[in-house]
Structure formats: C-alpha cells, structure tokens
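how does the following fold in three dimensions:
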Amino acid sequence: MQKAVKQTVLNNRADAAISSLLKGSSTLLRVSVLECTVSISRDIRVPSSMSLGMLQRRVLSPIFDWDLEMPAGYVFYLSPSCYPSHRRPLSCNDDIVFGRPRRGDFIGRMLSGSPASRAQVVDDDDVCIADFLQSPGHTLYYHHGHSKSPICFKIEAVELSSSPCSVVQLVCGQGAAPPEEPVTVGPSTPGTLGISAYNLVLKWLRSPFASASLKDEAKRALKIEDAAEFDPAYFDVGAARKRLQHSLLHSTKRIPVSSVSNNPFRLGICEVCLRDVKVLKCERCQNAFYCSKECQERDWKNHKVLCAKPIYR
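I've put the predicted structure just below:
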C-alpha cells in the first residue's frame with residue numbers, strides 16, 4: 001500500500017500544475033487548532049516543495065513551542081472529504097497516514113491501541129506540501145500527541161505564490177499554544193491530555209470557584225507565573241520567530257550548536273533516522289547532520305531547499 005501511494009504521488013508530480021509548484025513557489029498556510037474554546041492559529045509561508053516531515057520538525061514544533069527533546073507522536077492525514085461519509089478519518093486499519101516510518105518509535109506508540117493501529121504509514125519525508133495543497137482552500141489534517149487524546153489541527157492553503165521562495169516566514173498568529181503535558185486534578189487521578197487538557201486549564205483559570213491547587217496546576221501546564229496576566233488570545237510572535245529561526249538554522253535542534261567543534265564528527269542525532277550516534281555535518285552549510293552518506297542522500301530533496309541559502313526573514 002505504501003509503495004502504491006508513493007508511486008501515485010510521483011505520477012501526480014508529472015502534472016504541469018504540481019510540477020510548477022515544486023519549482024520554487026510558496027504556499028501561505030493557516031494552521032488552526034480544532035475543538036478549542038479559544039481561537040488558535042498560525043499563518044506561515046513555506047516553500048511548496050517542503051516535505052511534511054520538514055514542516056513538522058522544523059516549522060510546526062518551534063511555532064507551537066513543543067518539546068524537541070522528547071518529540072511526541074504525530075500523523076498527517078487527508079481531509080475528511082476523502083473518506084466515505086459513513087465513517088470518520090483514522091477509524092479504519094486500511095487508512096493512509098503520513099508520519100515517521102513505524103519501527104517501534106513514537107509514531108508506533110501513538111497509533112498502538114487506536115482504531116488505526118494498523119494504518120498504512122507513509123514516510124512524511126517522501127511527500128511534500130504541493131502533493132496535497134495545490135489550490136487555496138485545500139486542506140490537510142494533523143494529529144499531535146497521544147492517539148486517544150490528540151491535539152487536532154487543520155492545515156489550509158490560504159494563498160499560493162509563483163514567486164521563487166527559499167525562506168520560511170511566520171506571518172502572524174493568535175492564541176497561546178496548548179500544552180503537551182497532561183494535567184491532573186489530584187495524585188490519584190489520571191491525567192487529561194490533548195485539547196481537552198487545554199480547555200480544562202482555561203476553565204480553572206476563569207472560574208472563581210476553582211481551588212488554589214487547580215489554578216497552580218493550570219499555571220504549571222501553561223508555563224505561566226501570574227494567572228491574572230495570562231491572556232489565552234495572546235501570541236508572542238517575536239519569541240516564536242526566534243524559535244523558528246533557530247530551528248531552521250540548526251537542523252539538529254536537540255543538541256546545542258555551540259557543542260560542535262572543528263572535528264567533522266560529533267555525537268548527535270541523525271536528522272533522518274533519529275539514531276543517537278556519531279554524525280557528520282553537511283560540508284556545504286555546516287548546519288545539517290547525518291549518520292551516513294545514505295541518510296544524507298535520502299534527505300537531500302528536503303535539505304537542498306535550505307542548504308547554503310538565506311532561509312529566514
């Protein structure tokens with residue numbers, strides 16, 4: 001099934017419209033959080049040729065301030081309109097999702113126990129934005145976090161530009177990012193995850209009847225000090241742009257770049273296979289790291305968009 005999907009993607013790229021998108025155009029995306037009591041969205045302009053894997057690791061993670069040390073499970077999936085009307089997406093073992101290839105890692109743990117536990121996972125580095133979002137209004141969906149209580153996003157193409165683009169730009173946004181960590185009412189109470197956790201802590205902060213312990217838990221989850229000054233509609237675009245800039249400039253995000261010496265070898269995490277091994281840095285830009293020549297060649301279709309070019313403004 002995965003091979004058939006990849007072949008279909010390659011065949012579609014022969015289409016003149018998709019081919020033109022892959023040659024240097026950009027797409028303005030609106031990434032919106034679903035099922036939230038407040039409006040949360042980010043508008044980002046990215047190269048249309050950017051892979052979904054690069055979009056997740058280097059763009060979505062920093063703009064939503066997700067933990068890069070312990071990456072959560074995630075999957076991209078098609079618009080609900082692509083599924084039969086009698087069922088919802090990700091409710092069948094034969095569904096196609098896009099993410100990290102399952103090999104006992106976090107995507108495998110995310111899908112385990114869910115109705116889509118045997119879903120067909122296509123490597124998100126093998127597909128790009130232009131494969132799915134070819135006109136304004138086209139959508140793709142994204143689940144982040146635990147399979148039973150994920151944070152759900154809609155990724156919509158707002159505008160397509162034919163102008164050559166080799167930069168990633170955070171245009172604007174609204175709403176504080178929902179927390180990744182679970183929130184608990186007490187030591188013996190199971191944690192609440194996903195968007196339900198965010199809606200719950202907002203309720204605690206707003207309620208005059210919530211106990212001090214609940215308000216403290218809300219502040220911990222939201223990483224704030226003063227509940228009275230917290231505005232769920234506020235988005236610190238300046239801080240998010242700095243995180244995005246650092247992510248794009250240093251593709252190995254999880255290890256400080258200052259630790260890299262003149263020696264081309266270093267201990268780190270390969271951008272492709274995520275193994276914690278000795279890695280080599282890209283000789284051209286000095287900002288991408290791989291465990292082998294094979295991994296470097298596999299990532300080149302993504303990395304060439306950023307390699308030795310101005311990638312942020």
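
poorly predicted segments of the stretch 101-250 of the chain, please.
Within the stretch 101-250 of the chain, the segments meeting pLDDT under 70 span 101-119, 146-148, 164-166, 186-191, 249-250.

can you map out the strands along it?
Counting by DSSP state E, counting those that start in this stretch, the stretch 101-250 of the chain has strands at residues 120-123, 139-144, 151-161, 169-174.

make TSV out of these and add mean neighbour count.
(Glycine included, C-beta is placed from N, CA and C.) Listed next are those as TSV, based on neighbours: other CB atoms under 10 Å:
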stretch	mean neighbour count
strand 120-123	20
strand 139-144	22
strand 151-161	19
strand 169-174	16
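
could I get these as TSV with distance to Phe76?
Output for those, formatted as TSV (distance: least, CB to CB, whole Å):
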stretch	distance to Phe76
strand 120-123	9
strand 139-144	5
strand 151-161	8
strand 169-174	20
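
mind checking which of those is nearest Arg42?
For these, the distance to Arg42 is smallest for strand 169-174, at 4.1 Å, taking CB to CB.

quick one: closest of the strands of the stretch 101-250 of the chain to Gly194.
strand 151-161 (5.1 Å).

can you tell me the strand partners of the closest one and which way each runs?
Under the criterion DSSP bridges, strand 151-161 sits next to strand 26-33 (antiparallel), strand 139-144 (antiparallel) in its sheet.

rebuild the ones you listed as TSV, extending it with distance to Leu202.
As requested, the strands paired with strand 151-161 are exported to TSV (distance: least, CB to CB, whole Å):
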stretch	distance to Leu202
strand 26-33	12
strand 139-144	18
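
excluding chain neighbours, what is closest to Pro232?
Nearest residue to Pro232 in three dimensions, chain neighbours excluded: Val38, at 4.6 Å (CB to CB, 6 or more residues apart in numbering).

verify the stated contact: the one you found with Leu202.
Yes. Here Val38 reaches Leu202: they are 6.9 Å apart, a contact under CB atoms under 8 Å.

more neighbours: which of those two?
Leu202 (19 against 15; other CB atoms under 10 Å).

from Arg241, how far off is the more buried one?
Taking CB to CB, to the nearest Å as the measure, Leu202 and Arg241 are separated by 25 Å.

same check on Ala17?
32 Å.

looking only at neighbour counts, state which of these two leads.
Taking neighbours as other CB under 10 Å, Ala17 and Arg241 compare with Arg241 leading, 16 against 10.

find residues that contact each of Val38 and Leu202.
Pro232 (CB atoms under 8 Å, 6 or more residues apart in numbering).

circling back to that earlier point, and Gly175, which of the strands paired with strand 151-161 is closest to it?
For the strands paired with strand 151-161, the distance to Gly175 is smallest for strand 26-33, at 7.2 Å, taking CB to CB.

got the angle for the helix or strand following that closest one vs strand 26-33?
Next along the chain after strand 26-33, taking DSSP states H and E as the criterion, comes strand 41-47. Strand 41-47 runs at 150 degrees relative to strand 26-33, counting by axes from the mean of the first three to the mean of the last three CA atoms, to 10 degrees.

same question for strand 41-47, mean pLDDT?
The pLDDT scores in strand 41-47 average 93.

that one pairs with which strands, and in what direction?
Partners of strand 41-47 in the sheet, by DSSP bridges, are strand 26-33 (antiparallel), strand 169-174 (antiparallel).

how about residues contacting the shortest one?
Read it as strand 169-174. Applying CB under 8 Å, 6+ apart, the external contacts of strand 169-174 come out as 28, 39-46, 63, 233, 235, 237, 240-241, 244, 312-313.

and the residue nearest to Leu214 when sequence neighbours are not counted, how far from Ile224?
Sequence neighbours aside, Trp204 is the residue nearest to Leu214 in space, at 4.5 Å (criterion: CB to CB, 6+ apart). As for Trp204, its distance to Ile224 is 12 Å (criterion: CB to CB).

neighbour count winner among those two?
Set side by side, Trp204 and Ile224 show more neighbours around Trp204, with 21 against 15, by other CB under 10 Å.

any chance you could map the helices in the stretch 51-200 of the chain?
52-54, 61-63, 106-111, 194-206 (DSSP state H, counting those that start in this stretch).

tell me which of those helices is the most buried.
Stretch with highest mean neighbour count among those: helix 52-54 (a mean of 25; mean count of other CB atoms under 10 Å).

now do that helix, average pLDDT.
Per-residue pLDDT values over helix 52-54 give a mean of 86.

coming back round to it: closest to Val279 out of the helices of the stretch 51-200 of the chain?
Short answer: helix 52-54, nearest of the helices of the stretch 51-200 of the chain by CB to CB, at 17.5 Å.

run through who's touching the closest one.
Contacts of helix 52-54 (CB under 8 Å, 6+ apart): Phe76, Phe98, Arg100, Asp123, Asp124, Asp125, Val127, Cys128, Ile129, Asn302, Val305.
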